[in-house]
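# Turn this into a structure:
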Amino acid sequence: MPDSALLQVLSVIRDEIARMWWFFLLACLLVGVIKGYKLDLKIRNLVNRAGIWGIVLAVLVGMVSPLCACGILPIVISLAMMGTPLPPLMALLATSPTMGPDALLLTWRGLGAELAVWKIVGSGFLGLSAGLVTQALVRQGYLAGELLKLKPVFREDGSLASAAEIGAAHGIAVKTMSIKPRESRLRFILDRTLDAALFTGKFLLLAIVLEALIVTFVPISWIVVLVGQESILSLVNAALIGLPLPTNQIPIIPILAGLLQRGIDQGAALTLLMAGPVTSLPAMIALGGMFQFRVVAVFVALGLSGSVLLGWVHQVFF
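Numbers count the residues shown, from 1 in each chain. Next up is the predicted model:
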């Protein structure tokens with residue numbers, strides 16, 4: 001690598017870290033507060049008792065839950081074992097990976113207020129559409145019947161096993177975290193803040209490095225051809241690019257920042273911002289281990305088409 005290119009890469013990394021670090025710490029502290037006061041759990045417990053309003057409540061859970069596509073799976077497993085209907089589960093799976101208070105703060109700082117507002121609107125749209133379309137497909141019979149591959153696993157005392165234990169019994173690795181109770185709520189909040197910083201920080205740093213490499217080495221002509229035109233093709237390309245990316249909604253921010261510097265269309269940027277996290281390939285593989293194939297196919301189709309639709313609305317009307 002020429003010295004000039006190396007210096008540019010290091011310069012981009014330095015500038016991005018200087019611009020993002022305190023927003024990153026604030027976002028991690030927000031995660032700690034949410035966990036410390038169990039705000040997501042309080043709303044989640046209402047989902048099973050809400051009927052048709054369970055879809056709306058599931059979207060609210062996703063809005064306040066700082067979990068990615070893989071991180072939300074243990075919650076979905078637990079809710080599914082409790083008999084939660086499929087529509088609110090699909091709404092939760094669509095909302096949580098695309099929205100969270102911590103990611104919203106970082107999006108605002110890293111990509112600007114406009115995309116941050118679109119992130120809120122887009123996440124709510126994806127969640128509600130996933131839930132309502134699933135509800136319609138259940139009524140029509142396409143998603144009716146037994147769709148869950150997992151079966152409940154009970155401990156010796158008769159209690160339902162954890163999501164990690166249920167997944168392991170069916171050959172699925174489910175990420176989990178052992179959280180020790182703390183007598184001091186402040187200590188608990190600080191512990192969860194540190195957990196969030198360590199977990200997301202390594203991915204964010206890797207994404208910043210990738211941003212620097214994009215800015216330094218990716219020719220503008222490539223970006224223009226793939227996702228630089230104000231056209232439906234750019235939106236479709238952005239959605240397909242986001243499909244295999246193993247990134248959640250925080251690492252996608254610096255990657256998009258680099259692409260925006262190289263000339264990506266704003267509508268395509270919005271599509272990638274939504275499609276990348278919601279259709280993360282590792283999460284889809286795990287989802288395929290939980291549900292029948294047609295559930296995964298419907299979810300991916302809704303995630304991609306909804307993201308493209310959001311990008312098209314942005315292109316045409318804004």
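
# In CSV, list the C-alpha atoms belonging to stretch 186-196.
Written as CSV, here are the backbone C-alpha positions of stretch 186-196 (Å, rounded to 0.1, in the frame of the first residue of the first chain):
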residue,chain,number,x,y,z
LEU,A,186,-26.3,1.9,39.1
ARG,A,187,-23.7,-1.0,39.1
PHE,A,188,-26.1,-3.1,36.9
ILE,A,189,-26.5,-0.2,34.5
LEU,A,190,-22.7,0.4,34.3
ASP,A,191,-22.2,-3.4,33.7
ARG,A,192,-24.7,-3.4,30.8
THR,A,193,-23.1,-0.3,29.4
LEU,A,194,-19.7,-1.9,29.4
ASP,A,195,-21.2,-5.1,27.8
ALA,A,196,-22.7,-3.0,25.0
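
# Contacts only, for residue 239.
Going by CB atoms under 8 Å, 6 or more residues apart in numbering, residue 239 touches 271-272, 275, 304, 307-308, 311. Yep, even glycine has a C-beta here, placed from its N, CA and C like the rest.

# quick one: residue 80 from residue 125, how far?
According to CB to CB, to the nearest Å, residue 80 stands 24 Å off from residue 125.

# ditto for residue 206
Noted for residue 206: a distance of 29 Å to residue 125, by CB to CB.

# these two touch, right, residue 144 and residue 134?
No: taking contacts as CB atoms under 8 Å, residue 144 lies outside contact range of residue 134: 10.9 Å.

# if we can go back for a sec, ranking by neighbours, what's the top pick from the contacts of residue 239?
Counting by other CB atoms under 10 Å, residue 271 has the largest number of neighbours within those, with 33 neighbours.

# just checking, that residue is part of a helix?
Yes: according to DSSP: H, G, I helix; E, B strand; the rest coil, residue 271 belongs to a helix.

# can I assume it is in contact with residue 306?
No: taking contacts as CB under 8 Å, residue 271 lies outside contact range of residue 306: 9.5 Å.

# Looking at residue 206 and residue 125, which is more packed in?
The neighbour comparison of residue 206 against residue 125 (other CB under 10 Å) goes to residue 125, with 21 against 14.

# for the more buried one, what are its contacts?
So residue 125 contacts 306, 310 (CB under 8 Å, 6+ apart).

# From residue 256, how far out is it?
Counting by CB to CB, the gap from residue 125 to residue 256 is 19 Å.

# where exactly do the helices run in the stretch 151-300 of the chain?
Assigned by DSSP state H, counting those that start in this stretch, the helices in the stretch 151-300 of the chain fall at 163-169, 185-217, 220-227, 232-242, 252-261, 266-278, 281-290, 293-317.

# Of the ones you listed, which is nearest residue 88?
Comparing those by their distance to residue 88 (CB to CB), the top pick is helix 293-317, with 13.3 Å.

# angle of the closest one against helix 232-242?
Angle of helix 293-317 versus helix 232-242, following axes from the mean of the first three to the mean of the last three CA atoms, to 10 degrees, is 140 degrees.

# buried sites along helix 293-317?
If you call a residue buried by 16 or more other CB atoms under 10 Å, then helix 293-317 has these buried ones: 295-296, 298-300, 302-315.

# which strands and helices sit next to that helix?
For helix 293-317, the elements it packs on are helix 86-95, helix 113-140, helix 232-242, helix 266-278, helix 281-290, judged by 3 or more CB pairs under 8 Å, 6 or more residues apart in numbering; DSSP states H and E.

# could you redo these as JSON lines and give each row distance to residue 189 and mean pLDDT?
What follows is those, written out as JSON lines (distance: least, CB to CB, whole Å; pLDDT from 0 to 100):
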{"stretch": "helix 86-95", "distance to residue 189": "24", "mean pLDDT": "87"}
{"stretch": "helix 113-140", "distance to residue 189": "25", "mean pLDDT": "91"}
{"stretch": "helix 232-242", "distance to residue 189": "33", "mean pLDDT": "84"}
{"stretch": "helix 266-278", "distance to residue 189": "25", "mean pLDDT": "86"}
{"stretch": "helix 281-290", "distance to residue 189": "27", "mean pLDDT": "73"}
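
# and of these, who's closest to residue 17?
So among the helices and strands packed on helix 293-317, helix 113-140 is nearest, using CB to CB, at 19.9 Å.

# Unless I'm misreading it, residue 193 sits right up against residue 29, doesn't it?
Yes: counting by CB under 8 Å, residue 29 is a contact partner of residue 193 at 5.1 Å.
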